[in-house]
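Visitor: got a predicted model here, sequence first, then my questions.
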Amino acid sequence: MIIGILKEPSFETRVSLLAESAAALIKKGNKVIVESGAGEKSFNNNQEYEKVGAEIKSRAEVLKQAEILLSIHPPLDEDFSKINSKILLGVYQPLSNGENVLKSIEKKMTTFSLDMLPRTTRAQAMDVLSSQANIAGYKAVLLAAHSYGRYFPMFMTAAGSIAPAKVLILGAGVAGLQAIATAKRLGAVVEVFDTRPAVKEEVMSLGAKFVEVDGAADASSAGGYAVEQTEEYKQKQQQRIAESVAKSDIIITTAQIPGKKAPILITEEMLNSMRDGSVIIDLAASTGGNTPHTKNNETVNYKGVSIIGNSSLQSTMPSDASKLYGKNVSNFLQLIIDKDANLNLNWEDDLVKGACITHNGEIINDRVKSALSPAMNN
């Protein structure tokens, strides 16, 4: 197979495959072509790729020659008319990005979006959401520490004692758990809220206090994602969160629901209860944020509280983020490329079928089909 690696848009620092991942594919008989400069922001220049046997091409050449085209973000609008690839593979958020799904249908491309993988044990080696969220949780705490005007740990000195920072983490998924571990390493006192009671043990094992709210909807069948809650539960949730928010110095929010606007967890009334100098890092900023004042890629000062909206903190560590992402991609490619380096789409494989969005001019993913059916019928 000819595997093409595109250069990402200017705001993105990562690349689909570093040279080390490209080398492994080449050893298995694949040909890897790389758009010139694709890895520079991830500290992999053209020479690094050439050393392992990859070929450097122009963007037009990669679009024309690749049989499998790799790009973290969807190709540009003008790219679609030039793409000859059979397969498009990346993280395309099809539940909320219908335009690119429709373009793939027009081109009769087979599109795989790794954010749609079933979140099963077998899929863990290909789970790009987890590998990137781990980085985001880590960097969220470091960004908070940098932005916060006080110490994180407790200090006892001759000049007086400093109390440790109180950190509240909303959401104990991969990002939240890494944020807990990082905040504890920095010496903070950590409280954690999550709608899933099942994560309590993990939270406590990391040394944090779990904030419990009774009556949460069962999320066991949601594949590891958050689910919509009842109004009664939301009221209880807000009351309990409000108590924790009022005494918190740092809040890190991670709550998102696939294909929907992020839930507001920190209301304006709660923000008003926070003391000057407090910091909120909102990792759900790209889908609206968990506060009413969050703006993606911006820092908003609300009555002395800094609300930092950033859903792409993984891109601040481009080399390691690309390394982990590339390993996820390489593992998935093993499912669709056989030992003779030929394409082999096994639709009986739940991971292949689950990650596939379009094939032969049709949407084959049921969740995406349901989300986009109103737009397609107009």
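Guide: Everything's here; your move.

Visitor: which outside residues touch the helix or strand that contains Met156?
Guide: Here Met156, judged by DSSP states H and E, is contained in strand 155-157. Residues from elsewhere that reach strand 155-157 (Cβ atoms under 8 Å, 6 or more residues apart in numbering): 161-162. Backbone N, C-alpha and C define where each C-beta goes, glycine included.

Visitor: tell me the strands beside it, with direction?
Guide: If you go by DSSP bridges, strand 155-157 pairs up with strand 160-162 (antiparallel).

Visitor: just the mean pLDDT for the partner strand, thanks.
Guide: Strand 160-162 carries an average pLDDT of 91.

Visitor: now do that strand: distance to the chain's middle.
Guide: 39 Å (Cα atoms, centre = their mean, to the nearest Å).

Visitor: so where does Val329 fall, helix or strand?
Guide: helix 318-336.

Visitor: so Val34 bridges to which residues?
Guide: Beta-bridge partners, per DSSP bridges, of Val34: Ile5, Ile56.

Visitor: per the record, what domains does this structure have?
Guide: Split into domains by automatic domain parsing, the chain comes to 2-116+337-370, 133-316.

Visitor: the helix holding Val329 - contacts with which helices or strands?
Guide: If you count contacts as 3 or more Cβ pairs under 8 Å, 6 or more residues apart in numbering; DSSP states H and E, helix 318-336 packs onto helix 19-27, strand 68-70, strand 87-90, helix 128-147, helix 350-355.

Visitor: same list (those) but as TSV, adding mean pLDDT and mean neighbour count.
Guide: Shown next, in TSV, are the helices and strands packed on helix 318-336 (pLDDT from 0 to 100; neighbours: other Cβ atoms under 10 Å):
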stretch	mean pLDDT	mean neighbour count
helix 19-27	97	20
strand 68-70	97	25
strand 87-90	96	24
helix 128-147	97	22
helix 350-355	95	18
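
Visitor: nearest to Phe80, of those?
Guide: Comparison of those against Phe80 by Cβ to Cβ identifies strand 87-90 as nearest, at 9.6 Å.

Visitor: what lines up beside that closest one in the sheet?
Guide: Using DSSP bridges, the strands paired with strand 87-90 are strand 68-70 (parallel), strand 110-113 (parallel).

Visitor: who's in contact with Gln235?
Guide: Gln235 neighbours (Cβ under 8 Å, 6+ apart): none.

Visitor: help me confirm that it is found in a helix?
Guide: Yes: with DSSP: H, G, I helix; E, B strand; the rest coil as the criterion, Gln235 is part of a helix.

Visitor: and it, how far from Thr267?
Guide: Remark: distance between Gln235 and Thr267 (Cβ to Cβ, to the nearest Å) = 12 Å.

Visitor: just Lys303 next, same as before
Guide: 14 Å.

Visitor: and for Gly29?
Guide: In terms of Cβ to Cβ, Gly29 sits 57 Å off from Thr267.

Visitor: can you check Asn331 too?
Guide: 41 Å.

Visitor: which neighbours do Gln235 and Thr267 share?
Guide: By Cβ under 8 Å, 6+ apart, no residue touches both Gln235 and Thr267.

Visitor: that older thread, looking at the helices and strands packed on helix 318-336, which is closest to Asn45?
Guide: helix 19-27 (9.2 Å).

Visitor: the closest one packs against which elements?
Guide: Using 3+ Cβ pairs under 8 Å, 6+ apart, helix 19-27 sits against strand 2-5, strand 31-35, helix 46-51, helix 318-336.

Visitor: next, format the helices and strands packed on helix 318-336 as JSON lines and append distance to Lys323.
Guide: As requested, the helices and strands packed on helix 318-336 are exported to JSON lines (distance: least, Cβ to Cβ, whole Å):
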{"stretch": "helix 19-27", "distance to Lys323": "7"}
{"stretch": "strand 68-70", "distance to Lys323": "15"}
{"stretch": "strand 87-90", "distance to Lys323": "17"}
{"stretch": "helix 128-147", "distance to Lys323": "9"}
{"stretch": "helix 350-355", "distance to Lys323": "21"}
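
Visitor: could you find the closest non-adjacent residue to the spatially most central residue of the chain?
Guide: Residue closest to the average C-alpha location in the chain (Cα atoms, centre = their mean): Leu129, at 4.5 Å. The shortest distance from Leu129 to any non-neighbouring residue, by Cβ to Cβ, 6 or more residues apart in numbering, is to Asp115 (5.7 Å).

Visitor: and what of Glu48?
Guide: Ala19 (4.2 Å).

Visitor: isn't that neighbour right next to Asn45, touching?
Guide: No: with contact defined as Cβ atoms under 8 Å, Ala19 does not reach Asn45; the gap is 9.2 Å.
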